[in-house]
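Peer 1: this is the structure alone, sequence omitted:
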């Protein structure tokens, strides 16, 4: 009987050791609901052109940007959240912090952010949020998991810099939305 427990433990260990399938950026153990993907695409449809355009500019999969937007604001461009741990607030679709927005705008030669109300503009918000995610991807050598994590906790998080993912639930959620979008698109290929 003990050998069944050993086999079960080995199975679980091997299953988690596989972990990541880089070809599809899938996380094992995340449920994928293609109808969530449909709902996300429908809700974010008004922003599709800007998402596609900005994602192409930064060579980022537009569905990753959609997943981050969905996780951060559920597609509501009016979202405001005060972040007491950084004494700043995040704004708009991609919930970008005002100080981060100013730094990103300066780094990419964009017009300066003179008022936080500018961050409610979906076009500017998506541009700044995507440019910031691009910076994070470069900083973490293309590691999508660390870049997603840093988008949420900041690039200077001590655990993140030590190689840990300090917010695995956030990362899993973003990847779940991403996979739902991809799965829905895959299922709809060839259907009218």
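Peer 2: Received it, and whenever you're ready, just let me know what you need. Owing to the predicted nature of the structure, the values given are computational and were not obtained by experimental measurement.
Peer 1: ok, residue 62 touching residue 55?
Peer 2: Yes - applying Cβ atoms under 8 Å, one finds residue 62 in contact with residue 55, separated by 3.8 Å. No exception for glycine: its C-beta is placed from N, CA and C like everyone else's.
Peer 1: anything in contact with each of those two?
Peer 2: Common neighbours of residue 62 and residue 55, counting by Cβ atoms under 8 Å, 6 or more residues apart in numbering, are absent.
Peer 1: okay, and residue 171 sits in which element?
Peer 2: helix 168-188 (DSSP states H and E).
Peer 1: mind giving me the packing neighbours of that helix?
Peer 2: Counting contacts by 3 or more Cβ pairs under 8 Å, 6 or more residues apart in numbering; DSSP states H and E, helix 168-188 packs against strand 26-27, helix 34-43, helix 62-73, helix 144-153.
Peer 1: residues contacting the residue nearest in space to the middle of the chain?
Peer 2: With distances taken as Cα atoms, centre = their mean, residue 68 lies nearest the centre of the chain, 3.2 Å away. By Cβ under 8 Å, 6+ apart, the contact list for residue 68 reads 94, 129, 133, 148, 151, 174.
Peer 1: before we move on, the earlier item: and the helices and strands packed on helix 168-188: which comes nearest residue 106?
Peer 2: helix 144-153 (18.7 Å; Cβ to Cβ).
Peer 1: please name every helix or strand in contact with that closest one.
Peer 2: Helix 144-153 sits against helix 62-73, helix 122-139, helix 158-161, helix 168-188, with contacts defined as 3+ Cβ pairs under 8 Å, 6+ apart.
Peer 1: could you figure out how far the first one is turned away from helix 144-153?
Peer 2: This points to helix 62-73. Interaxial angle, helix 62-73 versus helix 144-153 (axes from the mean of the first three to the mean of the last three Cα atoms, to 10 degrees): 30 degrees.
Peer 1: following helix 62-73, which helix or strand shows up next?
Peer 2: The element immediately downstream of helix 62-73 (helix or strand, assigned by DSSP H and E) is strand 80-83.
Peer 1: tell me the helix or strand right after that following strand.
Peer 2: Moving toward the C-terminus from strand 80-83, the next helix or strand (DSSP H and E) is strand 88-91.
Peer 1: now the following helix or strand past that next one: mean pLDDT?
Peer 2: Note on strand 88-91: by DSSP H and E, the next helix or strand toward the C-terminus is strand 96-97. For strand 96-97, mean pLDDT is 96.
Peer 1: can you report phi and psi for residue 78?
Peer 2: The phi/psi pair for residue 78 (degrees, to the nearest 10) reads phi -100, psi 10.
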